[in-house]
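Chemist: Below are the sequence and a predicted model for it; my questions follow.
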Amino acid sequence: MVEEKKKLTRTARPVFAVMSIKDVDGNPIKVYKEQVTVHSVHKDAEELLELVESGTLPTNSFYVRIKMS
């Protein structure tokens, strides 16, 4: 008898990118795509929240949840 193998499925985990936007003088400003600085990328939400809550990120920094498919 041939034993059937179970098909494994992968669950895609999101990636979190931390970034801020700066003007030509290096001051944080509202969103303009060409001026985005990615500070770090995280797959672990707990690690991300610790970083956000630490207060070490530049003013107006934010994170975006990027769904990986």
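Modeler: Everything's here; your move.
Chemist: only C-alpha atoms for contact and neighbour calcs from this point on.
Modeler: Will do.
Chemist: Remind me which helix or strand Glu50 belongs to.
Modeler: Element membership of Glu50 [criterion: DSSP states H and E] is helix 45-54.
Chemist: pLDDT on that helix, on average?
Modeler: For helix 45-54, the mean pLDDT works out to 91.
Chemist: buried residues in it?
Modeler: Using 16 or more other C-alpha atoms under 10 Å as the test for burial, helix 45-54 gives Leu48.
Chemist: In PDB, please show the C-alpha coordinates belonging to it.
Modeler: Only the C-alpha atoms of helix 45-54 are listed here, as PDB (Å, rounded to 0.1, in the frame of the first residue of the first chain):
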ATOM      1  CA  ALA A  45       5.200  42.000  16.100                       C
ATOM      2  CA  GLU A  46       6.400  41.900  19.800                       C
ATOM      3  CA  GLU A  47       9.900  43.100  18.700                       C
ATOM      4  CA  LEU A  48       8.300  45.900  16.600                       C
ATOM      5  CA  LEU A  49       6.100  47.000  19.500                       C
ATOM      6  CA  GLU A  50       9.100  47.100  21.900                       C
ATOM      7  CA  LEU A  51      10.900  49.300  19.400                       C
ATOM      8  CA  VAL A  52       8.000  51.700  18.900                       C
ATOM      9  CA  GLU A  53       7.400  52.000  22.700                       C
ATOM     10  CA  SER A  54      11.100  52.500  23.400                       C
END
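Chemist: Ile29 against Thr37, yeah?
Modeler: No - using C-alpha atoms under 8 Å, Ile29 is not in contact with Thr37; the gap is 11.5 Å.
Chemist: intersection of neighbour lists for those two?
Modeler: In terms of C-alpha atoms under 8 Å, 6 or more residues apart in numbering, Ile29 and Thr37 are both contacted by the residues 20-22.
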